[in-house]
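Chemist: pasting a predicted model and its sequence here:
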Amino acid sequence: MGVLFLVLFGLTLFGLYIAVRRAWGSTLYTGSIGAILSVLFVVLYALTYEKTSTLQAIFAGIVVGVGFAAAVVIIAVFFRTNQPAPDVRIVSQEEVHRE
């Protein structure tokens, strides 16, 4: 049962990356939803799979869930802002030397 929560955690991070990268909503709103779901799935995993106390599971969920969600949002925003515009033509070195 615990592995299911890890799979849901991974799918949440994947969906969060796609949603932020494609700007399907506000980055803050999307990131917050993703962080909440990530924390929830890590806490549930820790409670069902590991022999931990509730306080340890909540602490681990907050640290891991928010940490991974923040990293995913930062990476997605970085690649979204550094993506060339649709009308930009990328020229290779070979094309430059031919001209």
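Modeler: Great, that's in hand. The shown structure was predicted, so the numbers you read here are calculated from the model rather than taken from an experiment. Numbers count the residues shown, from 1 in each chain.

Chemist: make it CA atoms for all contacts and neighbour counts henceforth
Modeler: Fine.

Chemist: what's the weakest-modelled helix or strand in the protein?
Modeler: Each helix and strand of the chain was given a mean pLDDT (mean pLDDT, DSSP states H and E); the minimum falls on helix 93-98 at a mean of 60.

Chemist: for residue 26, give me its contacts.
Modeler: For residue 26, the residues meeting the contact criterion (Cα atoms under 8 Å, 6 or more residues apart in numbering) are residue 20.

Chemist: let's go with 10 Å and repeat that
Modeler: Going by Cα atoms under 10 Å, 6 or more residues apart in numbering, residue 26 touches 19, 20, 32.

Chemist: now residue 69
Modeler: Under the criterion of Cα under 10 Å, 6+ apart, the neighbours of residue 69 are 9, 12-14, 16-17, 31-39, 75.

Chemist: so how far is residue 16 from it?
Modeler: From residue 69 across to residue 16, the span is 8 Å (Cα to Cα, to the nearest Å).

Chemist: residues bridging contact with the two, i.e. touching both?
Modeler: The overlap between the contact sets of residue 69 and residue 16 (Cα under 10 Å, 6+ apart) consists of 31, 32, 33, 34, 35, 38.

Chemist: what about the residues you listed, which are in strands?
Modeler: When these are checked against strands using DSSP state E, none is located there.

Chemist: okay, now the unreliable bits of the protein?
Modeler: Low-confidence segments of the chain, defined by pLDDT under 70: 50, 92-99.
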